[in-house]
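quick one: sequence plus predicted model below, questions after.
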Amino acid sequence: MTLSTLSSRQMNDAEPGRAVPPSEPGESADSDVAALEARVAELAEQRLRAMADLENARKRYDRELGKARERERMQVTREWLPIVDNLERALAHSGANPESIITGVAAVTDQAEQLVERLGFPRQDDLGQAFDPSRHDAVGARPEADAPPGTVIEVLQPAYGSGDLQLRPALVIVSKDD
């Protein structure tokens, strides 16, 4: 008798550790046990194959994720290259008129800020805003007649990004009472 000849009722009625009664007169319990052992071995093999397939899928995912990260790094670096080129040009003209150098560096700064914004992390203008500990790191406080207490009166380092995509908080000085 094979496993397929066992009725589902016989398999469901069997208690763990108890042999399934033979379905036909004359068949021995040994053949039922052998059939069940064969099925257990088959299921164990299927389980091992499924585990191996899962491990292979995990490794493939890790490889693909690594490649995607590398492509993203390359894309971001490609976008920064014009900024690096412009900084090198500014340094090459360092003997020129200082005012033209300042103008060039300001243009490169604008270019860099535009790139950071295109990448999804715009510069935040926090001057005059109410202090928010989730967006600001207060590094000092001083009295300011023109601003209510707890207002950002100076930004030492601007914040980039917003909400859950904040790269860094702004370093600020806030107003306080006299």
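The structure has been received and is ready for your questions. Residues are numbered from 1 along each chain as shown.

care to break this protein down by domain?
What the record gives for the chain is the domain set 3-73, 123-178, from automatic domain parsing.

among those domains, which gets the worst mean confidence?
Here the lowest mean pLDDT among the domains of the chain goes to domain 3-73, at a mean of 79.

which residues in the protein form helices?
8-13, 29-92, 98-118 (DSSP state H).

dump those into a markdown table; add distance to Ala159 and mean neighbour count as well.
Heads up, the C-betas are built off the backbone N, CA and C, glycines and all. Shown next, in a markdown table, are the helices of the chain (distance: least, CB to CB, whole Å; neighbours: other CB atoms under 10 Å):
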| stretch | distance to Ala159 | mean neighbour count |
| --- | --- | --- |
| helix 8-13 | 64 | 10 |
| helix 29-92 | 20 | 11 |
| helix 98-118 | 11 | 13 |
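
got JSON lines for those, with distance to Gly163 too?
Shown next, in JSON lines, are the helices of the chain (distance: least, CB to CB, whole Å):
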{"stretch": "helix 8-13", "distance to Gly163": "55"}
{"stretch": "helix 29-92", "distance to Gly163": "21"}
{"stretch": "helix 98-118", "distance to Gly163": "15"}
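
so which of these gets nearest Pro169?
Closest of the helices of the chain to Pro169 is helix 98-118, at 15.4 Å (criterion: CB to CB).

list the contacts of the closest one.
79-80, 82-83, 86-87, 89-90, 93-94, 122-123, 160 (CB atoms under 8 Å, 6 or more residues apart in numbering).

could you find the lowest-pLDDT member of the residues you listed?
Ser94 (71).

got phi/psi on that residue?
Dihedral pair for Ser94: phi -60, psi -20, per degrees, to the nearest 10.
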